[in-house]
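Q: this is the structure alone, sequence omitted:
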């Protein structure tokens, strides 16, 4: 056990013995078995963190001094005061953070990063130093990771990856920890909270697609206190799965020709239509695609087309009717793309949509099964063979759509294409 952690545990034991509500009891705790009237750790006005050296009652060291150099409490106060003592979280702080993160579900970690960014901003406004976010123990590995993660990801967490209620609960607590009359260590306290959440919900249970992608380099902190080796390994390994130079986010599109029941579905409510239900099923099915056992993130934009004026009665079996939709699939492709990559993505997306439709509406005869047609093939069937013809066809289908929806909760980085497909 580290010297600092031993002191913290001794402080908590002293709090339990004396009934103290805050860590003022810790200021009289000395794990060297020597009594001391001085705080174990403190932070000066310059953000420097000081610790009471072992075996001394009024001798403080800090990272900027040589190992054998010390200052007294009075010297620190005179030269770099005022000072703030290191405190433990107030009663209720950690349970409140834990519950807020649990309620946030897969957006827990991204919401916490947003809250850390708020606290770092508050520290900068108060002292001019955003690094005071980790002034409670700046030299620890956990603090280094948290500071880098906050400065790197904090300003760009998407709104869709933040739980507003959780942020409203957590951000003021963390801001108080770093700007209050006493300083609370941020990185280690939060790591313990996250470890319990990973044990309960798993890595995917606290990290949405955006976070899994962007926070992977910092997963060692988020899972460091987890008792779930599988989830910890999955999170840490995520940083090595993708090479940014080889990754591609691209869109492709196809025409989905499907059959749906002629009668309205019993689950429809209000003014909802079968077209809307169909589009929602397809969009949700394509949110996560799979190839050869590997899952990859995707987003589907579904543009339901008007009823086909040339449709014949025999195109669908009795009790069913045909429906067409332009399906635009934007996917992150974590492999070296070959010339047929668009077709591979179309195949993966079509299989996902077909399987969901057949499960939701079983009984469609094999000879009337759903089908997919890439836009270049569709254009060729119409006697047009140029790339510009494909782009024109895409624009026409988007314009003609009678209803449009997309995958809810998709990775925000998978933005749909604007204008023409590339």
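A: Everything's here; your move. All values reported here derive from a predicted model rather than from experimental measurement.

Q: give me the buried positions along stretch 347-363.
A: Neighbour-count burial for stretch 347-363, counted by 16 or more other Cβ atoms under 10 Å, picks out 347, 348, 349, 350, 351, 352, 353, 354, 357, 361. In this view, the C-beta of every residue, glycine as well, is placed from N, C-alpha and C.

Q: kindly report the same for stretch 38-47.
A: Neighbour counts over stretch 38-47 (16+ other Cβ under 10 Å) mark 38, 39, 40, 41, 42, 43, 44, 47 as buried.

Q: just stretch 157-164 next, same as before
A: Of the residues in stretch 157-164, those buried by neighbour count under the rule 16+ other Cβ under 10 Å are 157, 158, 161, 162, 163.

Q: what distance do you get for the residue nearest to residue 146 when sequence neighbours are not counted to residue 133?
A: Spatial nearest neighbour of residue 146, chain neighbours left out: residue 187 (4.2 Å); criterion: Cβ to Cβ, 6 or more residues apart in numbering. Relative to residue 133, residue 187 is positioned 9 Å away (Cβ to Cβ, to the nearest Å).

Q: check residue 386 too.
A: From residue 386 over to residue 133 (counting by Cβ to Cβ), the distance is 56 Å.

Q: show me the strands in the stretch 251-400 of the chain, by range?
A: Counting by DSSP state E, counting those that start in this stretch, residue ranges of the strands within the stretch 251-400 of the chain are 288-291, 294-304, 320-333, 371-374.

Q: surely residue 121 touches residue 132?
A: No. Applying Cβ atoms under 8 Å, one finds residue 121 not in contact with residue 132, separated by 11.0 Å.

Q: those two - which one has more neighbours?
A: Per other Cβ atoms under 10 Å, whichever of residue 121 and residue 132 has more neighbours is residue 132, with 25 against 17.

Q: what sits closest to the more buried one if chain neighbours are left out?
A: Take residue 132 and drop its neighbours on the chain: the residue closest to it by Cβ to Cβ, 6+ apart is residue 123, 4.0 Å away.

Q: what's the burial count for the one you found?
A: By other Cβ under 10 Å, the residues close to residue 123 number 24.

Q: could you look up the SS state of residue 170?
A: In three-state terms, and counting by DSSP: H, G, I helix; E, B strand; the rest coil, residue 170 is helix.

Q: ok, it touching residue 102?
A: No. The pair residue 170 and residue 102 fails to qualify as a contact (Cβ under 8 Å) at a distance of 11.8 Å.

Q: so which of these two has more stuff around it?
A: Between residue 170 and residue 102, counting by other Cβ under 10 Å, residue 170 is the more crowded of the two (28 against 17).

Q: OK, contacts around the more buried one?
A: Under the criterion of Cβ atoms under 8 Å, 6 or more residues apart in numbering, the contact partners of residue 170 comprise 96, 97, 100, 101, 111, 112, 115.

Q: try it again with 6 Å
A: Residue 170 sits next to 97, 100, 115 when contact means Cβ atoms under 6 Å, 6 or more residues apart in numbering.

Q: swap in residue 287?
A: Applying Cβ under 6 Å, 6+ apart, one finds that residue 287 lies in contact with 407, 410.
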